[in-house]
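*Asks:* kindly generate the corresponding structure for this input.
(one chain, ligands or ions: 3)
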Amino acid sequence: MTASLKRIAVIPGDGIGPEVTAEALKALRTVFAAGKRGAEFTEFDWGADRYLRDGTSLPAGALEMLRSQFDAILFGAVGDPRIPSNQHALDILFGMRFGLDLYVNIRPCVLFDRRFTPLRDRAEAEVNFLVLRENTEGLYANIGGQFKRNTPDEVALQEEVNTRKGVERILRYAFEDARSRPRKRLCMSDKSNALTHGHDLWQRAFREIRQQFSEVDSRHLYIDTLVMEMVRDPGQFDVIVTNNLFGDIISDLGAQLAGGLGLSPSANIHPGQVSMFEPVHGSAPALAGKNVANPFGAILTSAMLCDYLGWREQGNALRNAVRSALREGKCTADLGGKLGTREAGDYVAALLSSA
Ligand code: NAD
Ligand code: IPM
Ligand code: MN
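*Replies:* Ligands and ions are numbered 1, 2, ... in the order given. Below is the predicted model:
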């Protein structure tokens, strides 16, 4: 073991998760070998099969193990039609996001080639923004309950949790991130005109923190206006920060503006601590086992993992290889190519090993 050996936990998960994760691993191993980076991968079988076999979703002690023994986690996707409650997926995914306190969900929306956007007459530079999604609270806090279930009088409550600490830390991260980018622009989005308690907290925290970042060109849009503006003129956005649910929704919109879910990477991070990297897409059960899923979202995700480890050169090499493959049309059918998942991954790995 060298001092710089990084330990990476790998959780392929369900559906297309294992297929795209295998290609991300292939790319990572290649780029690490080329750059003489030492990394050790340890795979975990958490997902639907294990849950159906022995009832385990997130094993006892898993979070402590991840925290103490790993630098990063590469995750595929979870979700399986045999488990309609989605319980195992929530245990695993939210278990890590909340349990490891991964409060920033980073979802870049970058158009690699203008052919891939459904918008008319757009240049690549016009879709190049970052969605920063609060990742530990909001409507995802799982606070609520049901009363008189399955009767005509039933009541279902799902509370939205907004804490001063949670809102401030994601806003601060967003301002710092915006400040480090060439355009230095930030848009905070909420629905404070209707949600006058929780989103008023976002408004007040935003107004306070922006005083400390005068070099950032910051503004606010209500979420309904934001989604309209994202379609009308995406070029105006640099960094967008919002709550958990809105971030979930607009990151799929952003993904589509940039070519679809097959290309969209994400990082769930707590700066300085073990963090988790996953493509934005899910387990796409209809595509599973057919060698048709696009592995580039997972490969671009592994590039974000490299950046997080401080290995930006390797991150850039991965992004450049995907960019080249796309330019040459060496991709899966969702982007107009003829390659299967494995063949697209092989193509990227070959580019990386010859670079
Ligand atoms: P999905 O992302 O799995 O699929 C949505 C659509 O995008 C499908 O039409 C699919 O064909 C397409 N797609 C997704 N990934 C693709 C890829 N790599 N290449 C080509 N096309 C791709 O979303 P869904 O269908 O709403 O959900 C399926 C399951 O995944 C559900 O159980 C859901 O809860 C779960 N899910 C998990 C995660 C996660 O683990 N992080 C994220 C989203 C959804
Ligand atoms: C995502 C997914 C998850 C979410 C689902 C699978 C619970 O859609 O990562 O975007 O809502 O966070
Ligand atoms: Mn989502």
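*Asks:* Arg120 sits in which helix or strand?
*Replies:* Assigned by DSSP states H and E, Arg120 belongs to neither a helix nor a strand.
*Asks:* wait, a helix at Val131?
*Replies:* No. Secondary structure assignment (DSSP: H, G, I helix; E, B strand; the rest coil) places Val131 in strand, not in a helix.
*Asks:* count of residues packed around it?
*Replies:* Around Val131 sit 29 other residues, with neighbours defined as other CB atoms under 10 Å. To be clear about C-beta, it is placed using only N, CA and C from the backbone, and glycine gets the same treatment.
*Asks:* which residues sit in contact with the closest residue to ligand 2 within the stretch 201-350 of the chain?
*Replies:* Of the stretch 201-350 of the chain, the residue with the smallest distance to ligand 2, taken as CB to the nearest ligand atom, is Asp248 at 4.4 Å. For Asp248, the contacting residues are Arg133, taking CB atoms under 8 Å, 6 or more residues apart in numbering as the criterion.
*Asks:* just the element for it, please.
*Replies:* Assigned by DSSP H and E, Asp248 falls within helix 244-257.
*Asks:* would you mind writing the CA trace of that helix as CSV?
*Replies:* The C-alpha coordinates for helix 244-257 follow below in CSV (Å, rounded to 0.1, in the frame of the first residue of the first chain):
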residue,chain,number,x,y,z
ASN,A,244,-34.2,18.6,-2.2
LEU,A,245,-37.4,18.0,-4.2
PHE,A,246,-37.1,20.9,-6.6
GLY,A,247,-33.4,19.8,-7.2
ASP,A,248,-34.6,16.3,-8.0
ILE,A,249,-37.0,17.5,-10.6
ILE,A,250,-34.9,20.2,-12.3
SER,A,251,-31.9,18.0,-12.5
ASP,A,252,-33.9,15.6,-14.8
LEU,A,253,-35.0,18.6,-16.8
GLY,A,254,-31.4,19.8,-17.0
ALA,A,255,-30.2,16.3,-17.9
GLN,A,256,-32.6,16.2,-20.8
LEU,A,257,-31.5,19.6,-22.1
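*Asks:* report the buried residues of it.
*Replies:* Of the residues in helix 244-257, those buried under the neighbour-count criterion (16 or more other CB atoms under 10 Å) are 244, 246-248, 250-257.
*Asks:* who in the stretch 251-355 of the chain is up against ligand 2?
*Replies:* Proximity of the stretch 251-355 of the chain to ligand 2 is confined to 280, 282 under the rule CB under 6 Å from any ligand atom.
*Asks:* 8 Å instead, please
*Replies:* 251-252, 266, 278, 280, 282 (CB under 8 Å from any ligand atom).
*Asks:* which one of these is nearest ligand 1?
*Replies:* Set against ligand 1, the nearest of those by CB to the nearest ligand atom is Gly282 (2.2 Å).
*Asks:* does the closest one touch Ala77 like I think?
*Replies:* Yes. Shown here, Gly282 and Ala77 form a contact pair, counting by CB atoms under 8 Å, at 4.9 Å.
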